[in-house]
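**Student:** After the sequence you'll find the predicted model.
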Amino acid sequence: MPRPREFDPQAALQAAIQVFWEKGYYDTSVDEVVKHSGVAKYGIYGTFGPKRELFKKVLSQYASDRHQDIQSPIRRPGASLPEIQEFFDKVPHLITQEDYPHGCLMCSTGIEVGLRDPEINAVVKDFFADIAKVLKGCLTQAVQKDELKPQEELDALAIYLTTEFRSALMLARSGHAVQEIQQHLKFALQILS
């Protein structure tokens, strides 16, 4: 008879996110996840599988979490230019908070693991492609609401904005101050004026 779970899998997954976010994939062991989460090793393996499977679940949960917090303005129904501005205004503060690792787990994973693991690389690419798709929807709404001049290259503009978002994440991960990131994004967003 299988033993009942004695822990909250969601809380354990959030603990695993923190460890992988701070240390990266290769420098994180399952033992560290066990220590950080307080869940026995058999519980981690029984619920999430081996390290690579756990990491894939971590990335999926991380993406879902970012939809709810940092990306929430651009994911509102009918979002347009004001929501894009709100999103980019929030970014510097959220990605440099003292109580969690700076930057972005997806960016760090893309650099650390991306070229070595095509499946993980696809997860990272999909994460940012999804943001570009959402931003394109916002830009389309902005054109329809006359907040933005009609443009033929909305796809390219959405990719540009996503790249600037990624740049801000990388700046945060490398220790740049909030003011520096704000300045970077201020100039990047001039393309929308």
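**Tutor:** It's in.
**Student:** Now name the helix or strand holding residue 7.
**Tutor:** With secondary structure defined by DSSP states H and E, residue 7 is part of neither a helix nor a strand.
**Student:** In contact with it, which residues?
**Tutor:** When the contact criterion is Cβ atoms under 8 Å, 6 or more residues apart in numbering, the partners of residue 7 are 37-39, 43. Where you see a C-beta, it was placed from the backbone N, CA and C, and this is true even at glycine.
**Student:** How is the chain partitioned into domains?
**Tutor:** Taking automatic domain parsing as the domain assignment, the ranges for the chain are 1-61, 69-192.
**Student:** Take those and write them to JSON lines, including mean pLDDT.
**Tutor:** Formatted as JSON lines, these follow (pLDDT from 0 to 100):
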{"stretch": "domain 1-61", "mean pLDDT": "90"}
{"stretch": "domain 69-192", "mean pLDDT": "93"}
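**Student:** most residues in a single helix of the protein, which one?
**Tutor:** Secondary structure assigned by DSSP state H gives helix 118-144 as the longest helix of the chain.
**Student:** Which strands and helices lie in contact with it?
**Tutor:** The criterion is 3 or more Cβ pairs under 8 Å, 6 or more residues apart in numbering; DSSP states H and E, and the helices and strands that helix 118-144 contacts are helix 51-68, helix 81-94, helix 105-112, helix 154-173.
**Student:** Mind listing residues that contact the longest one?
**Tutor:** This points to helix 154-173. With Cβ under 8 Å, 6+ apart as the test, helix 154-173 has contacts from 84, 88, 91-92, 95-96, 101-104, 107-108, 128, 131-133, 135-136, 139-140, 143, 151, 180-181, 184-185, 188-189, 191.
**Student:** and if you look at the third one?
**Tutor:** Taking Cβ under 8 Å, 6+ apart as the criterion, the residues outside helix 105-112 that touch it are 17, 20-21, 24-26, 58-59, 62-63, 120-121, 123-125, 127-128, 166, 169-170, 173.
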